[in-house]
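[1] Here is a sequence together with a model predicted from it:
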Amino acid sequence: MRRLNERLGGARAGDEGFSIVEILVAMTVFAMIAVAVATGIVASLNLSHTSRSREVAIGLAQDAIDRARTASNLFSVVDSTTNTTVGGLDYTVRQVARWVPTSGSANACGAGGGPLAYKRVSMTVTWTSSSDQSVAMNSMVAPSSSVTAANLGTIIVSVSKVDGGGNQGVNVSIAPNAANPSGAAAITSSIAQTDANGCTYALNVKPGRYDVSLSKSGNIDDGTSSGSLGAQTTAPSTTVTVQTNQTSAANFNYDTALTVAPQWIDPNAPTTAFTSPSSAPVSLRRKAADYGPYAAGTTTQVFPYTDGYKAVPGTPSACASVDPENWTTANGASVAPRSIAQPAAGTNAVKAPVQIVTVKLAGKLDNALTATTTTPNANSGDPGCATSASYTFTGLPVGGTATIALPYGTYTLRSGTVASILNGVITITFASGTPSVTTAVGVSTSSNKVMLDPRRPS
């Protein structure tokens, strides 16, 4: 009996429940299953949400395409960006519209060859949920009738800003060329301001030659318009020839003007005061093109190139000496630094590098001085001037020493007394002697010539 009780007691002792290890294993398995199920649910919800967002984006793009197709005036269909919120998500709809001529490729205004045939309209809808997403849609939209009547032509005006984008709101006038109209007739219909793409059009134009001009407050062109080639102007113009059943393009680069304040400065003595000549011109250079010259100390407006301008005193096209980069650089020497390119914002003090010179006037009563460029000495490194230039200084200390500034180059100096100043013309009675110059770094004298050298020992 006791043995039976011992066996039953042993069996009961082995049936007291799950061990802690078994419980942990069971919980781990349950957690893994629960995570997998939750992940699947979240993924399903995200997929459903993304699918719904994409459906909304496609609907927005299709609506925009439909509006373009039903537009009563296809010229009003231009680049645009709109924002809208649907279901708590922000969507951006970007429309790009390009005219396609019968010959040529699509571009903003449609210039490229042949009559305007249709517009290619591209829609891109973007939104952000868990990541940036987008859908795109394209369509070709044809005008309800021919843009221009038979045997007539179209003038396309394209106005671009410095960044390549269109300049909107520019006033455009078109008139028969005064010198040689070749059959052109006055355009009686009004010409709209340029649209968001910088485009406007003159339709049903009689064949001939026409002058196209622009105006917009505070704007200036880059000097490439045929009517003002090489000179930046606030009212640029160009001439186009219209042919039967063809388009003619008038293209301009025209943007908000950059205000600059040209000045003379000695880069090696920037704080030293000096007397400037009665005319202190500054030319602004960008690449190989020179603009100006402008009067030092007077603000002017120029096309806002993003890489700015460099300033050179005088007129470098007439005198190579004034530009330090034209000088032959000897061994162990380097060209003096030029003014750095100016930024495209704010009022900029563009600095043209010159040389300060100390001069003792020749006569006891002298109060004026002239410096005239002359032929450089042989092998001096001075590139010289094709056209002689002269600088006049007045109001100098009588019979004394003056501190003046001149562009680089080789000069002859004469001093004298101001006899009269009439209508800006200065008459000087010159003394018999020659002014003396204090030699210094960059200033040397030889054979009654003074050479102002931009090179400095390295």
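    Great, that's in hand.
[2] switch to C-alpha atoms for all contacts and neighbour counts from now on
    Will do.
[3] Could you list the low-pLDDT ranges of the stretch 251-400 of the chain?
    Applying pLDDT under 70 to the stretch 251-400 of the chain picks out residues 338-348.
[4] Which residue ranges of it form strands?
    In the stretch 251-400 of the chain, the strands defined using DSSP state E, counting those that start in this stretch lie at 258-260, 263-265, 281-286, 289-295, 300-302, 310-313, 333-335, 351-353, 355-360, 368-373, 390-393.
[5] The longest one pairs with which strands, and in what direction?
    Spelled out, that is strand 289-295. Here strand 289-295 is paired, per DSSP bridges, with strand 281-286 (antiparallel).
[6] If you count neighbours, what's buried in the strand it pairs with?
    Of the residues in strand 281-286, 281-285 count as buried by neighbour count, 16 or more other C-alpha atoms under 10 Å.
[7] And those, which is closest to Ala295?
    Set against Ala295, the nearest of the buried residues of strand 281-286 by C-alpha to C-alpha is Pro281 (4.7 Å).
[8] Could you pull up the residues touching the closest one?
    293-296, 313-315 (C-alpha atoms under 8 Å, 6 or more residues apart in numbering).
[9] quick one: which of the residues you listed is nearest Val354?
    Using C-alpha to C-alpha, Pro313 comes nearest to Val354 of the contacts of Pro281, at 7.1 Å.
[10] how is the protein carved up into domains?
    The chain resolves into domains spanning 72-256, 258-458 when parsed by automatic domain parsing.
[11] Make TSV out of those domains and add distance to Ala57.
    Formatted as TSV, the domains of the chain follow (distance: least, C-alpha to C-alpha, whole Å):
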stretch	distance to Ala57
domain 72-256	6
domain 258-458	37
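[12] Pull the residues that contact stretch 199-206.
    By C-alpha under 8 Å, 6+ apart, stretch 199-206 touches 108-109, 147-149, 151-159, 166, 168, 183-185, 187, 191-194, 242, 244.
[13] What subset of those is buried?
    Of the contacts of stretch 199-206, these count as buried by 16+ other C-alpha under 10 Å: 108-109, 147-148, 152-159, 166, 168, 184-185, 187, 193-194, 242, 244.
[14] What about the residues you listed, which are in strands?
    Among the buried ones among the contacts of stretch 199-206, the members found in strands (DSSP state E) are 153-159, 242.
[15] Now compare these and name the two farthest from each other.
    Of all pairs in these, the most separated under C-alpha to C-alpha is Gly153 and Val159 at 19.8 Å.
[16] For stretch 210-230, buried residues please.
    210-216, 219-225, 227-228.
[17] Identify the farthest-apart pair in those residues.
    Farthest apart among the buried residues of stretch 210-230 - using C-alpha to C-alpha - are Tyr210 and Asn219, which lie 22.5 Å from each other.
[18] what's the closest of the contacts of Pro281 to Gly416?
    Looking across the contacts of Pro281 and measuring by C-alpha to C-alpha, the closest to Gly416 is Gly314, at 23.6 Å.
[19] Please tell me how far the residue lying closest to that closest one once chain neighbours are set aside sits from Asp90.
    Spatial nearest neighbour of Gly314, excluding adjacent residues (C-alpha to C-alpha, 6 or more residues apart in numbering): Pro281 at 4.9 Å. Distance, Pro281 to Asp90, by C-alpha to C-alpha, to the nearest Å: 56 Å.
[20] repeat for Gly230
    Distance, Gly230 to Asp90, using C-alpha to C-alpha: 48 Å.
[21] picking that back up, of the contacts of Pro281, closest to Leu422?
    Comparing these against Leu422 with C-alpha to C-alpha picks out Ala295 as the nearest, at 20.1 Å.
[22] ok, so what distance separates that closest one from Pro281?
    Distance from Ala295 to Pro281, by C-alpha to C-alpha: 5 Å.
[23] just the helices in the protein please.
    Counting by DSSP state H, the chain has helices at residues 2-13, 20-69.
[24] Turn the buried residues of strand 281-286 into a markdown table, including distance to Gly363.
    What follows is those, written out as a markdown table (distance: C-alpha to C-alpha, whole Å):
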| residue | distance to Gly363 |
| --- | --- |
| Pro281 | 28 |
| Val282 | 31 |
| Ser283 | 34 |
| Leu284 | 37 |
| Arg285 | 40 |
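[25] Alright, I will stop here.
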